[in-house]
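Q: Quick one, structure for this:
(3 chains)
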Amino acid sequence: MGVTELGKLIPPEVRKQVELKNLSGKIIAIDAYNALYQFLASIRQPDGTPLMDSKGRITSHLSGLFYRTINLLEEEIWPVYVFDGKTPEMKLLEIARRKKQREEALEKWMKALERGDKEEARKYAKRALFLTNEMVEDAKRLLTLMGVPWVQAPAEGEAQAAYMTRKGDTWAAGSQDYDALLFGSPRLVRNLAITGRRKLPGREEYVEVKPEIIELEAVLKALRLKDRSQLIDLAILLGTDYNPDGVPGIGPQKALKLIHEFGCLEKMLNTVLKNVQWPVDPLKIKEYFLNPPVTDDYKIEFRDPDDKGIIEFLCNEHDFSRDRVLRGIDRLKKALAKRRKARLDAFF
DNA sequence: CCATGGCA
DNA sequence: TGCCATGGG
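A: Numbers count the residues shown, from 1 in each chain, chains lettered A, B, ... in the order given. Next up, the predicted model:
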């Protein structure tokens, strides 16, 4: 979920809409959990049932990861998937809350199915999803077999992605959420998908969705903030994963006004915010965004795919179509060979 | 979300 | 070639 309210404050002119072609040659640190959740939510039958193998194990995340990664590589966009590590203590409340929401959605999904209401069923099925350890391990295994790098973050994946981008090892963080900006990523890419059409929640309508680039500096400038620290303060007022409700009664506009007026959260705590009950010390949240756990223990290296391994894993273990997977592997190899050649040429 | 095949 | 409907596992 992340800092959804913050999105409302980011104006269109800061969201640079681009074509995939414009991202060619870039290495992007993709928030793996974010991507996997999206696949899990969207790769479903009309009644909400996810893709499953013959043993009943969900495979939607593998299908999405396999094909999207190949698509990106064909566009010469180089993904590095960053996986979440240990959940920060501060987030446990939010995790528990999401779990409860999922359980409620699961019940509604089942009831809608009984009624035969596919539309409702699908809606709740999306909310009932959750990522298991097995799914995460599956995803890592598939990436390794494909020769695509992935990084194990010590804690929040978006913090690690931000760190790698700050160092210049990656060009941007890739996620639908805005948290990477709070963690200091100079650049965020959203909507990193191939098919540019997305169904609107309400009706049978579709909108064109293009990848968008959001630069931290541009956000600060547009909101007239002096640094990232103020952006973090703003986010804390609105609600983050560590204080999901934000400050009751304070919406985007009022929050921004307060930051401009007081300059920082510290100066509000004993004044305008003195009666606010915080689930977590807000200054602790701020410190976390400023200095999250990250690691230098990673390598961004693309390897030759293991064809046999991919076939064994996807086709034999998870019942993917052999034809489709073989075509995928073929495209994958060509794309990676192209990178190899381009790098060799650059060397000489 | 993505691949695929049919149809204009 | 582009658009749409359908199935993927």
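Q: What are the buried residues along stretch A:41-54?
A: A:41, A:43, A:44, A:47, A:48, A:50, A:51 (16 or more other CB atoms under 10 Å). Just so you know, the C-beta spots here come from the backbone N, C-alpha and C atoms, and that holds for glycine as well.
Q: In JSON lines, list the residues you listed along with pLDDT, distance to residue A:279 and secondary structure.
A: JSON lines is the format used below for these (pLDDT from 0 to 100; distance: CB to CB, whole Å; DSSP: H, G, I helix; E, B strand; the rest coil):
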{"residue": "A:41", "pLDDT": "95", "distance to residue A:279": "27", "secondary structure": "helix"}
{"residue": "A:43", "pLDDT": "97", "distance to residue A:279": "34", "secondary structure": "coil"}
{"residue": "A:44", "pLDDT": "95", "distance to residue A:279": "33", "secondary structure": "strand"}
{"residue": "A:47", "pLDDT": "92", "distance to residue A:279": "37", "secondary structure": "coil"}
{"residue": "A:48", "pLDDT": "94", "distance to residue A:279": "32", "secondary structure": "coil"}
{"residue": "A:50", "pLDDT": "97", "distance to residue A:279": "33", "secondary structure": "strand"}
{"residue": "A:51", "pLDDT": "98", "distance to residue A:279": "37", "secondary structure": "coil"}
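Q: Among the residues you listed, find me the one that's closest to DNA strand C.
A: Nearest to DNA strand C among those, counting by CB to the nearest atom of the strand, is residue A:51 at 3.5 Å.
Q: hang on, that closest one packs against residue A:64?
A: No: using CB atoms under 8 Å, residue A:51 is not in contact with residue A:64; the gap is 9.3 Å.
Q: tell me the contacts of the residue nearest to residue A:185 when sequence neighbours are not counted?
A: The shortest distance from residue A:185 to any non-neighbouring residue, by CB to CB, 6 or more residues apart in numbering, is to residue A:162 (3.6 Å). By CB atoms under 8 Å, 6 or more residues apart in numbering, the residues touching residue A:162 are A:173, A:180, A:181, A:183, A:184, A:185.
Q: at 10 Å instead, please
A: A:29, A:31, A:82, A:156, A:170, A:172-173, A:175, A:179-188, A:216, A:289, A:292, A:294 (CB atoms under 10 Å, 6 or more residues apart in numbering).
Q: same question, residue A:213
A: A:14-18, A:22-23, A:26, A:171-172, A:187-191 are the contacts of residue A:213 under CB under 10 Å, 6+ apart.
Q: In three-state terms, how would the closest residue to it other than its chain neighbours be classified?
A: Counting by CB to CB, 6+ apart, residue A:16 is the residue found nearest to residue A:213 once chain neighbours are left out, at 4.4 Å. Three-state call for residue A:16 (DSSP: H, G, I helix; E, B strand; the rest coil): strand.
Q: surely residue A:16 meets residue A:191?
A: No: if you go by CB atoms under 10 Å, residue A:16 and residue A:191 don't touch, sitting 11.6 Å apart.
Q: Common neighbours of the two, please.
A: A:210, A:211, A:212, A:213.
Q: just the residues you listed that are near DNA strand B?
A: Among those, no residue sits close to DNA strand B (CB under 7 Å from any atom of the strand).
Q: ChimeraX command for the buried members of these?
A: Restricted to buried positions by 16+ other CB under 10 Å, the ChimeraX selection for these reads:
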select /A:211,212,213
